[in-house]
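Colleague: predicted structure and sequence below. I'll ask about it afterward.
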Amino acid sequence: MARDAELDLVEVSPTATPPVCRITDFGKFIYERTKKEREARKAQTKIEVKEIRLRPKTNEAHRGFKVDDARRWLNQGHKVRVTIRFRGREMDYPEIALEDLKEIAQSLSDISTIEQAPMMEGRTMLVVLSPGKPSAKKKEKDETPAEASS
């Protein structure tokens, strides 16, 4: 039938039982398939990781500006990496940076979740926050109205 129509016999789904074939122009088939794949790649969303860099001695006001930037980025759907870099003898007091990271994560907890807990990497301590509300708070909010009506 394919020879009579001067077209190609193209195997569309070789894993199906029985295999599915189509009589079509092979060049046109390849072109349409690549076009579909290109459209699928366009539809994918690329999540960008934004970074905030601080020092253990960063004061509250400057940290507030950085947290506001992080809040804006999380609302846009980006992940945020908060990095605190140590210099010199600051390495002796990692608990200061850990406390700062916990405060930042707490202030952004209404719109984000902690994807990677605070950890040391060389001379830096970092935490990664991803957009989305934490499920634990949703459960607490759902339980509260139910208990109030009981």
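Modeller: Received it, and whenever you're ready, just let me know what you need.
Colleague: quick one: list the elements packing against the helix or strand harbouring Arg63.
Modeller: In the assignment (DSSP states H and E), Arg63 maps to helix 60-75. Contacts defined by 3 or more C-beta pairs under 8 Å, 6 or more residues apart in numbering; DSSP states H and E place helix 60-75 against strand 49-54, strand 79-85, helix 94-107, strand 124-131. Bear in mind the C-beta positions are built from the backbone N, C-alpha and C, glycine included.
Colleague: got the buried residues for the first one?
Modeller: The neighbour-count check on strand 49-54 (16 or more other C-beta atoms under 10 Å) flags Lys50, Ile52, Leu54 as buried.
Colleague: so the helix holding Arg63 versus strand 79-85, what angle?
Modeller: Per axes from the mean of the first three to the mean of the last three C-alpha atoms, to 10 degrees, the angle that helix 60-75 makes with strand 79-85 is 150 degrees.
Colleague: quick one: helix 60-75 to strand 49-54, angle?
Modeller: Helix 60-75 and strand 49-54 are oriented at 170 degrees to each other (the same axes, to 10 degrees).
Colleague: if we can go back for a sec, would you turn the buried residues of strand 49-54 into TSV with pLDDT?
Modeller: Shown next, in TSV, are the buried residues of strand 49-54 (pLDDT from 0 to 100):
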residue	pLDDT
Lys50	89
Ile52	90
Leu54	90
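Colleague: closest one of the residues you listed to Thr113?
Modeller: Lys50 (15.7 Å; C-beta to C-beta).
Colleague: burial of the residue lying closest to that closest one once chain neighbours are set aside, as a residue count?
Modeller: Excluding its sequence neighbours, the residue lying closest to Lys50 (C-beta to C-beta, 6 or more residues apart in numbering) is Trp73, at 4.6 Å. Trp73 has 20 neighbouring residues, counting by other C-beta atoms under 10 Å.
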